[in-house]
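> Fold the following.
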Amino acid sequence: MDNSQAILQADTSSTIYTQENGLLVPSAVTSNSQMQETMGSEADFDSRMMRRCLELARRGLGRTSPNPMVGAVVVKDGEIVGEGFHPRAGEPHAEVFALRAAGVGAASPEENRARGATVYVSLEPCNHYGRTPPCSEGLIAAGVAKVVVGMVDPNPLVAGGGIARLRAAGIEVVVGVETEACQQLNEAFVHRILHKKPLGILKYAMTLDGKIATTSGHSAWVTNPAARSEVHQLRAACDAIIVGGNTVRQDNPYLTSHQAGAHNPLRVVMSRQLNLPENARLWQTEEAPTLVLTEIGANPDFQKFLLKRGVEVVELPALTPEQAMAHLYERGFCSALWECGGKLAASAIAQGAVQKVLAFIAPKIIGGSHAPTPVGDLGFTNMTEALPLERVRWRVIGSDCLVEGYLSQKFGQ
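Now for the predicted structure:
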């Protein structure tokens, strides 16, 4: 992913973005009065520009961890003169690309259209040296007049420091535009910062009678193509997908995003004994990498086989969901998608490795007293022990239904 499209747009046109049928589309602006007539109030304009920042930020989907996804827009006299987004960790931040597109660093100072401009950015500019210099200093050096921030960075290295630095330099700063949308986009990053582990997302597809497969284990397919496409998009947004050995043996999945040019997450298999098939599709690592987590000393011969196929093998002192998430945190991951069977799902929930649940429900009934269910035994004997979901949302996808919610913090930390 690069910023060439955003830079080209900023360099070749003077546009702002208006909303038509839910989409952001370019609209020429020739004067401040016309801008006011077209865009409405200043607050409305700020919201539209912040939504453009989020649109840009999503171009880094699945590629920025351990960093957040960030977009930035430079506006001068009601016109967008520069745009940018953060493509991946180690590369410049969104503000840098947007300022470059606005002419900062050009041969002639007259080309700097950022001087006196307003910069919109979905996350507070950093104020510390990491892999890249602080963005706050870059904004000050560019001579911007105002910065509109979507949300404060929860990272203790920033946490208001960037805003304070800008204000100390005499730059007007507005904080809290489209904050909820900004937080939603980077919920995995926020969780990683606050809880020192990736955001765990449990995804499953079940029939109306609560089965994820038939009694024989056959599960292709529970949901419709549109729902499966939604899952592919979800995978592209995550850093890792976790399954157990049973899923490998029963389903022989690919666990890829199935989208040309999209991010493919690290495919993680948890297996204590490594009694796994040699012909599994997950050992094909040309398209996506695979990591096998196992216990110390497990099946040395099969470990050698995996290593020859390009599969990474890591031995853990205890193979548990909690330890798996701790390992992924150390790798810099922000999110992990659990696409496992019921037994591992129950263990992940019990150990606090799941914070978010996405349940795809298909209007089908297959029955079977021994057909597998999405979540195994949690040890509950009373309905009062049931785990309620919070912030629940429902959405119809074709003939299927998606229920999305969060476990209470008591169980989701």
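> contacts and neighbour counts: CA atoms only from here.
Noted.
> How about the contacts made by Arg100?
Contacts for Arg100 (C-alpha atoms under 8 Å, 6 or more residues apart in numbering) come out as 82, 106.
> isn't there a helix covering it?
Yes - checked against DSSP: H, G, I helix; E, B strand; the rest coil, Arg100 lies within a helix.
> Could you measure from it over to Thr256?
35 Å (C-alpha to C-alpha, to the nearest Å).
> Show me which residues of stretch 326-345 are buried.
By 16 or more other C-alpha atoms under 10 Å, the buried positions in stretch 326-345 come out as 326-329, 332-345.
> Filter these down to just the ones in strands.
Per DSSP state E, strands hold the following members of those: 335-338.
> I'd like these as a markdown table, with pLDDT appended.
Below are these laid out as a markdown table (pLDDT from 0 to 100):
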| residue | pLDDT |
| --- | --- |
| Ser335 | 98 |
| Ala336 | 98 |
| Leu337 | 98 |
| Trp338 | 98 |
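> Pull the contacting residues for the nearest residue to Gly176 once chain neighbours are set aside.
Nearest in space to Gly176, with sequence neighbours left out and distances taken as C-alpha to C-alpha, 6 or more residues apart in numbering, is Gly150 at 5.0 Å. Going by C-alpha under 8 Å, 6+ apart, Gly150 touches 50, 120-124, 175-179, 182.
> Buried only: go through those for me.
50, 120-124, 175, 177-179, 182.
> confidence score at Arg115?
Looking at Arg115, its pLDDT reads 93.
> Kindly report the same for Glu385.
On pLDDT, Glu385 comes in at 92.
> Tell me how many other residues crowd it.
By other C-alpha atoms under 10 Å, the residues close to Glu385 number 10.
> what's it sitting at in phi/psi?
Note on Glu385: its backbone torsions stand at phi -90, psi -10 [degrees, to the nearest 10].
> Distance of it relative to Leu378?
Distance from Glu385 to Leu378, counting by C-alpha to C-alpha: 10 Å.
> same question, Leu56
41 Å.
> between those two, who's got more neighbours?
Ranked by neighbour count (other C-alpha under 10 Å), Leu56 and Leu378 place Leu56 first, with 25 against 14.
> Using the three-state scheme, assign the more buried one.
Secondary structure, three-state DSSP: Leu56 is helix.
> same thing with Tyr120?
Looking at Tyr120 with three-state DSSP, the answer is strand.
> Flag the shaky bits of this structure, pLDDT-wise.
Where the chain drops to pLDDT under 70, the residues are 1-40, 130, 132, 410-413.
> same thing but at 50, please
Within the chain, the ranges that satisfy pLDDT under 50 run 5, 7-31, 35-36, 39, 412.
> That one: helices as residue ranges?
Residue ranges of the helices in the chain, as given by DSSP state H, are 4-12, 32-39, 42-57, 94-101, 135-142, 161-168, 179-185, 187-195, 225-237, 245-251, 300-308, 321-330, 342-350, 409-412.
> Looking at these, which is nearest to Ile212?
helix 342-350 (8.8 Å; C-alpha to C-alpha).
> Could you give the separation of the closest one from the chain centroid?
Remark: helix 342-350 is offset 22 Å from the chain centroid, using C-alpha atoms, centre = their mean, to the nearest Å.
> Show me what that helix is packed against.
helix 321-330, helix 409-412 (3 or more C-alpha pairs under 8 Å, 6 or more residues apart in numbering; DSSP states H and E).
> ok, 10 Å please
Here helix 342-350 touches strand 199-207, strand 240-244, helix 245-251, helix 321-330, strand 335-338, helix 409-412, going by 3 or more C-alpha pairs under 10 Å, 6 or more residues apart in numbering; DSSP states H and E.
> and the closest residue to Ala348 other than its chain neighbours, how many neighbours does it have?
Nearest in space to Ala348, with sequence neighbours left out and distances taken as C-alpha to C-alpha, 6+ apart, is Pro321 at 5.2 Å. By the criterion of other C-alpha under 10 Å, Pro321 has 23 neighbours.
> just checking, Ile242 touches Met270?
Yes - using C-alpha atoms under 10 Å, Ile242 is in contact with Met270, at 7.4 Å.
> Those two: who's more crowded?
Per other C-alpha under 10 Å, whichever of Ile242 and Met270 has more neighbours is Ile242, with 27 against 24.
> contacting residues around that one?
Shown in contact with Ile242 (C-alpha atoms under 10 Å, 6 or more residues apart in numbering): 200-202, 255, 265-270, 291-293, 321, 324-325, 336-340, 344.
> let's go with 8 Å and repeat that
Ile242 is in contact with 267-270, 336-340, counting by C-alpha under 8 Å, 6+ apart.
> What distance separates the opening and closing residues of stretch 356-373?
Stretch 356-373 end-to-end distance (C-alpha to C-alpha) = 18 Å.
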